[in-house]
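Chemist: fold the following for me, if possible:
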Amino acid sequence: MKKKSPDTCSQEVLLKRVEHLILAHGLFKKTESVIVAVSGGPDSIALLHILSRINRQARLIAVYVNHGLRPNEIGDEIRLIEGLCSSLNIPFETTRVDVHAERKHTGTSLEEAARTLRYKALEAARRHHGASVIAVAHTVDDQAEEVLIRLIRGTGRKGLSGMALRRKSIIRPLLQEKKQTLIDYLEANALPFCLDSSNQQRLFLRNKVRLDLLPYLEQNFNSSIRRNLLQTMEILSAEEELLERLTEDVFKHLVEIDGDRLSGAEPCPETIRIKTQDFLDCHQALQRRILEKICWMMLTRPGFRQLEQIRHLIVDCGNGAEAHLGLGLRVRKSGREILFSHPAGRKGFRGSGLENTPFSLTIEEPGLFPIVDHVLSVTLHSEKPDRLHDNELLLDAEQITFPLLLRKPLPGERFRPLGAMGRKKINRFLTDAKIPRQDRHFSPVLVSAGRIIAIAGLRVDHDFRVQDATRCFLRIDWRKS
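Modeler: Sure, this is the predicted structure:
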């Protein structure tokens, strides 16, 4: 019986190890389609080849993201991947992204802009092909580097737990393999690969960690630093799993999510709101985790400083206070709630953004009218209602002519508040009513035949009040949806 060579044995062990990892953690099923991110480097070439051997039923689609940052190397990388895909009978496509435009738009680093666009492009390919997951070629070496990078930049327990085998649609089948193991595999199978010249440039933090920091720590402090980092990550990962379960339980009862829209290829809620007192009743550790989860849902990656800024807003600031985060995310204290939204869209801008809220609605007849995140109810009654609830106003319908107009008050505009001796500027009235400036865009006026008849949810104009002779009543209810 012919014995297998050491190379053949080690290859089979590697293949079985990766296959077991995929099955044990349910990364994807054999019959599903998988986008494989391939850059031409040794890790991604090994990933594509290994997946083609252990999951022959799966439909693999190789995708190369062209960042346009290394024009002299892109051609060679694409040709190499095309050749491999042709030999493996795997579809291959390229997609181009504009990293410099993204960096200019978001103000992030070149490295972060490239990462963001890479994952957006891969997600777009996944949706286009109806694939279940995106496979990327991170290794155990990348894991150790990533933890140090996160520690340098500042992170919490979740960050120190390292990269996950799976996060949403991203899977990492090689996360427990060493780079050298993959290079040995490529050499054994005579598989060529490209070397990214930018990996040797100390322009990026990751390269500084890989080329300088980790070797320095190994030589001068602890030769087993990589192993110790991975062990620490394993411990923190288990504890993180427990804390995440606790966070999820609290999150379900604490958070309300309104609406949904697409921001690029990713879904993003219109508004997320939490009850202030319920939040304050949570332990500080859970508060930070809840805020972090909300920010991630709003497509923002918060650091410790941003999370503490929001906590300070909730704990110490008064009604109407705001925190301004990146890409137009606004956190506002409104009554007994905290609101997270992009009032002017997901883009950088100055101000609260509420001044752009489009309050303008023509009301031809009584009915129910949703506008932004409020609802206006207009009803006619032949008898005076026994009681009115908060936010409800009652007017003399015989003094009013349809259509009505709901709009923002104009600068300097006045009305006569019910019971007042004279007319008053609306802005002054809102100040006296202790309506925060940031919330005044949610106190529109209701107009009939060019005259203000009420400030919705707050006060009737004196001339349109209900009197003893009133026989027909108009009830106005303005409240959050």
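Chemist: list the residues that contact Pro42.
Modeler: Residues in contact with Pro42 (C-beta atoms under 8 Å, 6 or more residues apart in numbering) are Lys179, Leu182, Ile183, Leu186, Phe193. C-beta coordinates here come from the backbone N, C-alpha and C atoms, glycine included.
Chemist: against Pro411, how distant is it?
Modeler: Distance, Pro42 to Pro411, by C-beta to C-beta, to the nearest Å: 65 Å.
Chemist: mind giving me the domain split of this protein?
Modeler: By the assignment in automatic domain parsing, the chain contains the domains 6-235, 259-353, 357-480.
Chemist: quick check: Trp478 touching Gly457?
Modeler: Yes - using C-beta atoms under 8 Å, Trp478 is in contact with Gly457, at 3.8 Å.
Chemist: which one's more surrounded, those two?
Modeler: Of the pair Trp478 and Gly457, Trp478 is the one with more neighbours under other C-beta atoms under 10 Å, namely 24 against 20.
Chemist: assign the more buried one to helix, strand or coil.
Modeler: Going by DSSP: H, G, I helix; E, B strand; the rest coil, the secondary structure assigned to Trp478 is strand.
Chemist: against Glu93, how distant is it?
Modeler: When C-beta to C-beta is the yardstick, Trp478 and Glu93 sit 52 Å from each other.
Chemist: kindly report the same for Pro192.
Modeler: With the distance defined as C-beta to C-beta, Pro192 ends up 21 Å from Glu93.
Chemist: need the contact list for the closest residue to Glu19 other than its chain neighbours.
Modeler: Nearest non-adjacent residue to Glu19, counting by C-beta to C-beta, 6 or more residues apart in numbering: Ile54, 4.3 Å away. Remark: with contacts taken as C-beta under 8 Å, 6+ apart, Ile54 is in contact with Leu15, Val18, Glu19, Ile22.
Chemist: shouldn't the last one be in contact with Leu175?
Modeler: No - here Ile22 lies out of contact with Leu175, judged by C-beta under 8 Å, at a distance of 11.2 Å.
Chemist: what score does Arg96 have for pLDDT?
Modeler: According to the prediction, Arg96 has pLDDT 95.
Chemist: please apply the same query to Phe279.
Modeler: 92.
Chemist: before we move on, the earlier item: distance to Val250 added to the domains of the chain, as JSON lines?
Modeler: Listed next are these as JSON lines, based on distance: least, C-beta to C-beta, whole Å:
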{"stretch": "domain 6-235", "distance to Val250": "16"}
{"stretch": "domain 259-353", "distance to Val250": "6"}
{"stretch": "domain 357-480", "distance to Val250": "23"}
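Chemist: do you know which of those domains lies nearest Glu248?
Modeler: Across the domains of the chain, the minimum distance to Glu248, taken as C-beta to C-beta, is reached by domain 259-353, at 8.7 Å.
Chemist: okay, and the helix or strand of this structure with the least pLDDT?
Modeler: When each helix and strand of the chain is scored by mean pLDDT, DSSP states H and E, strand 261-263 comes last, with a mean of 52.
Chemist: wait, what's in contact with Ser52?
Modeler: If a contact means C-beta under 8 Å, 6+ apart, then Ser52 has Leu60, Leu88, Ile90 as its contacts.
Chemist: can you select the buried ones from the residues you listed in PyMOL?
Modeler: To isolate the buried members of the contacts of Ser52 in PyMOL, using 16 or more other C-beta atoms under 10 Å:
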select buried, resi 60+90
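Chemist: nearest to Gly367, of the contacts of Ser52?
Modeler: Proximity of the contacts of Ser52 to Gly367 (C-beta to C-beta) peaks at Leu60, which lies at 54.9 Å.
Chemist: give the next helix or strand downstream of whichever strand or helix holds that closest one.
Modeler: Secondary structure here is read from DSSP states H and E; on that basis Leu60 sits in strand 59-66. Downstream of strand 59-66, the first helix or strand assigned by DSSP H and E is helix 71-88.
Chemist: neighbouring contacts of that next one?
Modeler: Contacting residues not belonging to helix 71-88 are listed as 38-40, 45, 48-49, 52, 62, 64, 66, 68, 90-92, 94, 191-194, 196-197 [C-beta under 8 Å, 6+ apart].
Chemist: also stretch 25-38?
Modeler: Residues external to stretch 25-38 that are found in contact with it (C-beta under 8 Å, 6+ apart): 21-22, 44-45, 47-48, 51, 55, 57-65, 81, 90, 92, 118, 122, 125-126, 129-137, 165-166, 171, 173.
Chemist: which of the residues in it are classified as buried?
Modeler: Per 16+ other C-beta under 10 Å, stretch 25-38 contains these buried residues: Leu27, Phe28, Ser33, Val34, Ile35, Val36, Ala37, Val38.
Chemist: from Leu15, how far off is the last one?
Modeler: So that's Val38. In this view, Val38 and Leu15 are 18 Å apart by C-beta to C-beta.
Chemist: then the first one?
Modeler: Using C-beta to C-beta, one obtains 15 Å as the distance from Leu27 to Leu15.
Chemist: what is the neighbour count of the nearest residue to Pro192 once chain neighbours are set aside?
Modeler: Setting aside the residues directly before and after it, Pro192 is nearest to Leu80 in space (C-beta to C-beta, 6+ apart), at 6.1 Å. Each residue near Leu80 was counted by other C-beta under 10 Å, and the total is 18.
Chemist: for Glu146, same thing?
Modeler: Neighbours of Glu146 using other C-beta under 10 Å come to 19.
Chemist: contacting residues for it?
Modeler: Glu146 sits next to His138, Gly162, Met163 when contact means C-beta under 8 Å, 6+ apart.
Chemist: and Phe429, by the same measure?
Modeler: If you count contacts by C-beta under 8 Å, 6+ apart, Phe429 has them with Phe415, Pro417, Ile455, Arg459.
Chemist: hmm, 6 Å instead?
Modeler: Going by C-beta atoms under 6 Å, 6 or more residues apart in numbering, Phe429 touches Pro417.
Chemist: going forward, count from 42.
Modeler: Let's use 42 as the start, then, which means that last one is Phe470.
Chemist: helix, strand or coil: sort out it for me.
Modeler: What three-state DSSP gives for Phe470 is helix.
Chemist: roughly how far does it sit from Ala229?
Modeler: 80 Å.
Chemist: same thing with Asp139?
Modeler: When distances are taken as C-beta to C-beta, Asp139 and Ala229 turn out to be 39 Å apart.
Chemist: am I right that Gly361 sits in a helix?
Modeler: No - read with three-state DSSP, Gly361 is coil and lies in no helix.
Chemist: which residue sits closest to it, ignoring its sequence neighbours?
Modeler: On the basis of C-beta to C-beta, 6+ apart, the spatially nearest residue to Gly361 that is not a chain neighbour turns out to be Pro477, at 2.3 Å.
Chemist: ok, now Pro343?
Modeler: Closest to Pro343 by C-beta to C-beta, 6+ apart is Cys336, at 4.3 Å.
Chemist: and after the helix ranked longest in the chain, which helix or strand comes next?
Modeler: Longest helix in the chain by number of residues, with DSSP state H as the criterion: helix 266-295. Using DSSP H and E, the helix or strand that follows helix 266-295 in sequence is strand 296-299.
Chemist: strand partners of that following strand, parallel vs antiparallel please.
Modeler: When sheet partners are counted by DSSP bridges, strand 296-299 sits next to strand 312-316 (antiparallel).
Chemist: and His353, that one's in a strand?
Modeler: No - checked against three-state DSSP, His353 lies outside a strand; its state is helix.
Chemist: just give the number of residues close to it.
Modeler: His353 is surrounded by 12 other residues when neighbours are defined as other C-beta under 10 Å.
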